[in-house]
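> next one to model:
(one chain, ligands or ions: 2)
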Amino acid sequence: MKMNADIDVLFTRELIQERVRQTARRISEDFKGRKVLLIAVLRGSFVFCSDLIRELTIEFKVDFISLSSYSGAVSSGNIKVMSELREDPAGEDVIIVEDIIDTGITLDFLLKELSLKNPKSVSACALLNKKGARIKDVAVKYSCFEIGGQFVVGYGLDYNGLYRGLPYIAILKIK
Ligand code: IMP
Ligand code: MG
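Numbering: from 1, shown residues only. Ligands and ions are numbered 1, 2, ... in the order given. The predicted structure is shown next:
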């Protein structure tokens, strides 16, 4: 695929590290003495999740679910489960780990799926929160950054599979 795009750094590696650490601290305080089940939503959240877990001071298990909805920079709104959970969320304090909450459609879908499995609690933790873009009103208890409507890449986030390895978060301007 031929691509012509510019990137502008939005959040540096250092700032991301600091915010991830603060978020991990909040989670560790809120769930002190408990054990949580982190469910990382693939593929975008794998970088964030790997840094987050190394800052947690509570006990946890990690599982992954792979969901797909985006094509290029547009959400299709049509969620598909590409790969299922292996852990049983029943009776667990579940924390969903997402790269970014945009329309909220993906998180809403996942919350509904999970509620059928009787977890003790479910909360959401996102690296980025695009609050103004909501179609579904979902609660995001933990987020490292709130942003506007810009399409961002890096630190796990992609555009058509590219840019995931950038150590910073950048705004992608497609020309
Ligand atoms: P939602 O269902 O619209 O909330 O979208 C959630 C998913 O869309 C995220 O998990 C991302 O994978 C993807 N997404 C939304 N906005 C962006 C963006 O700015 N850059 C990269 N991926 C995005
Ligand atoms: Mg995603």
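> after the longest helix along the chain, next one along is what?
When the chain is parsed with DSSP state H, its longest helix is helix 13-30. For helix 13-30, the following helix or strand on the C-terminal side (DSSP states H and E) is strand 35-42.
> tilt between whatever helix or strand comes next after that next one and helix 13-30?
Going down the chain from strand 35-42, the next helix or strand is helix 46-53, by DSSP H and E. Angle of helix 46-53 versus helix 13-30, following axes from the mean of the first three to the mean of the last three Cα atoms, to 10 degrees, is 50 degrees.
> what bridges to residue 97?
Beta-bridge partners recorded for residue 97 (DSSP bridges): residue 40, residue 125.
> that one: neighbour count?
22 (other Cβ atoms under 10 Å). Yep, even glycine has a C-beta here, placed from its N, CA and C like the rest.
> is it in contact with residue 44, as I believe?
No - counting by Cβ atoms under 8 Å, residue 97 does not reach residue 44; the two are 10.1 Å apart.
> what is the end-to-end distance of stretch 27-38?
Start and end residues of stretch 27-38 are separated by 11 Å (Cα to Cα, to the nearest Å).
> and it, which residues are buried?
Using 16 or more other Cβ atoms under 10 Å as the test for burial, stretch 27-38 gives 27, 31, 36, 37, 38.
> turn the residues you listed into CSV, including pLDDT.
CSV is the format used below for the buried residues of stretch 27-38 (pLDDT from 0 to 100):
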residue, pLDDT
27, 98
31, 98
36, 98
37, 98
38, 98
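> low-confidence ranges, the chain, go.
By pLDDT under 70, the low-scoring segments of the chain are 1-3, 70-77.
> any idea which strand is longest in this structure?
What stands out as the longest strand in the chain, according to DSSP state E, is strand 59-71.
> which residues of the protein lie near ligand 1?
Contact residues (Cβ under 6 Å from any ligand atom) of the chain with ligand 1: 41, 44, 69-70, 75, 98-107, 151-153, 157.
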